[in-house]
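J.: got a predicted structure plus its sequence, pasted below:
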Amino acid sequence: MESFRDWERAVWIKKLKAWILEEGLSLTMQYKEVYGTIGVTRSFLIRYLDTLLDYLEPEDVRPEKEKDIWVLDNLDIPYRKNLVDNYRTLNFTKISQQALREETKKGIYLNLQSEAISCIAAEMGAMRRLSAFLKERYPKVRSCKDFDRELIENYLLYRRTEKPSGSHLRSELTRLRALLESIGKAMEYPHLAGLFLNRDLPPTPKTAFKAYSDAELKRLNAEIVQMDEQMARFMIIHQMLGTRISDTLTLQTDCLVQKDEEWLIRIRQMKTKTYVKPVSAEVASLLRRAIQYTREKYGETIYILVDENDHSKPMQYDTILVRVVKMIREKDLRDDNGRPFGFKTHMYRHTYGMKLTEMHLDDWTIARLLGHNNLRNVKYYRRMGNQLLADETRRARQQISMRILRCLDGWEEEYEQVRQDDCIK
């Protein structure tokens, strides 16, 4: 043997695995995930060899969209980046059917021009699972051209029985249908547009619309303020603004404006549009201090909370996740039911919306403060505030009851029964 390139990658990996077993070593290794659970991955030796073989691969001079691994920044089209989740590549190698892989590239290339990168990643995952199913059950099917309704029905049965994915199945099948339709357009396979029927998609799961209680917020914030200064400040700002985590992470240093002695903040939502809303003097003070901190430490930047390795980018979501979850685990913080807190940043938004309903604001004002385009989702925040409504209704009924009792004073004895009625008391 003269070179690592004398054998195919699969041969090298196979021989290394055989040697590992002969030496009595393990093919896998354990690691601790961010929430403290134990995961399993390939042994360090196998991963190291894989990395070495990648490094020794000759440079691929083909156009980026013809490669099996795309570097997104090298594509010749703009795409909707996710500034807080670090998507750098798209890997098609796990789609084992060569023709299907090339067709998927064309569909993904088309969708990249209109869809967010997170949707593209979901479509890739859905196609990889379909590819694995075809390899196991339909080895002769190598292309989308060979797909028919019977195959799709069998795949749906397989996913619902042998490989269930719980509440995520609907979203996965929706993304798969969108990708197949795009492949149909790119490859001129018109039959792909009718493979999925609306009834194939499971009903949307009814998820509980949860919010933090006041006691839970106090326990969380008592420890959050002990974290790194800028991180603690960021988490408090996130709660007070009621924004999505992506919108808080991408707040820019020019977001704060003072007009007629009132502070306004410009929030550039990643999912929808930019909007402006008023903030209190306290929140404005926190934001000004956060901007000052960043300028003193990193100089002039676009974003208030920046990536420590690349100051031109906002801090990544994973960085926030790891730090906050580590704090929660070390302090053993638990919710009102005794369960460990998770990193549920969107529940802060739910709590914010619920508090707005308790302030008796109208639906349109609540929608504007949350950055919604319409009133459709306001009803969920109102449902969360039903306890307040029940308490106020009970007080109102009690006041009415007392008025009725006062009016009954001096009436005949037959009305005495009214006084004894439990519903009045």
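T.: Everything's here; your move. Residues are numbered from 1 along each chain as shown.

J.: just the pLDDT for the nearest residue to residue 74 once chain neighbours are set aside.
T.: Excluding its sequence neighbours, the residue lying closest to residue 74 (C-beta to C-beta, 6 or more residues apart in numbering) is residue 64, at 4.5 Å. The way it works is simple: take the backbone N, C-alpha and C, and place the C-beta from them, glycine included. pLDDT recorded at residue 64 is 91.

J.: got the domain ranges for the chain?
T.: Annotated domains of the chain cover 1-58, 63-200, 214-384, 387-420 [automatic domain parsing].

J.: can you count the residues close to residue 99?
T.: Applying other C-beta atoms under 10 Å, we find 15 residues neighbouring residue 99.

J.: next one: it, what pLDDT does it get?
T.: Looking at residue 99, the pLDDT reads 96.

J.: now the residue nearest to it when sequence neighbours are not counted: how far from residue 192?
T.: In this structure, residue 99 finds its nearest non-sequential neighbour in residue 143, 4.0 Å apart by C-beta to C-beta, 6+ apart. To residue 192, residue 143 is 11 Å away according to C-beta to C-beta, to the nearest Å.

J.: what's the local residue count around the residue nearest to residue 99?
T.: When neighbours are counted by other C-beta under 10 Å, residue 143 registers 16.

J.: thought it was touching residue 95?
T.: No. Counting by C-beta atoms under 8 Å, residue 143 does not reach residue 95; the two are 11.5 Å apart.

J.: so what's residue 195 up against?
T.: Going by C-beta atoms under 8 Å, 6 or more residues apart in numbering, residue 195 touches 147, 148, 149, 152, 177, 180.

J.: just the element for residue 29, please.
T.: Residue 29 is part of strand 28-32, with elements assigned from DSSP states H and E.

J.: rounded mean pLDDT for the helix or strand that comes right after that strand, please.
T.: Scanning forward in sequence from strand 28-32 by DSSP H and E, the next helix or strand is strand 38-42. Across strand 38-42, the average pLDDT comes to 89.

J.: check which residues of strand 38-42 are buried.
T.: Along strand 38-42, no position meets the burial threshold by neighbour count (16 or more other C-beta atoms under 10 Å).

J.: residues in contact with that strand?
T.: Residues from elsewhere that reach strand 38-42 (C-beta under 8 Å, 6+ apart): 27, 28, 29, 30, 31, 32, 33, 47, 50.

J.: so of these, which two are at opposite extremes in space?
T.: With distances taken as C-beta to C-beta, the most widely separated pair in these is 32 and 50, at 22.0 Å.

J.: between these two, who's got more neighbours?
T.: Ranked by neighbour count (other C-beta under 10 Å), residue 32 and residue 50 place residue 50 first, with 15 against 9.

J.: stretch 284-299 - what's its average pLDDT?
T.: For stretch 284-299, the mean pLDDT works out to 94.

J.: quick one on the thing from earlier: give me phi/psi at the residue nearest to residue 99?
T.: With angles defined as degrees, to the nearest 10, residue 143 sits at phi -150, psi 150.

J.: before we move on, what about the one 5 residues further on?
T.: When read as degrees, to the nearest 10, the backbone of residue 148 gives phi -140, psi 180.
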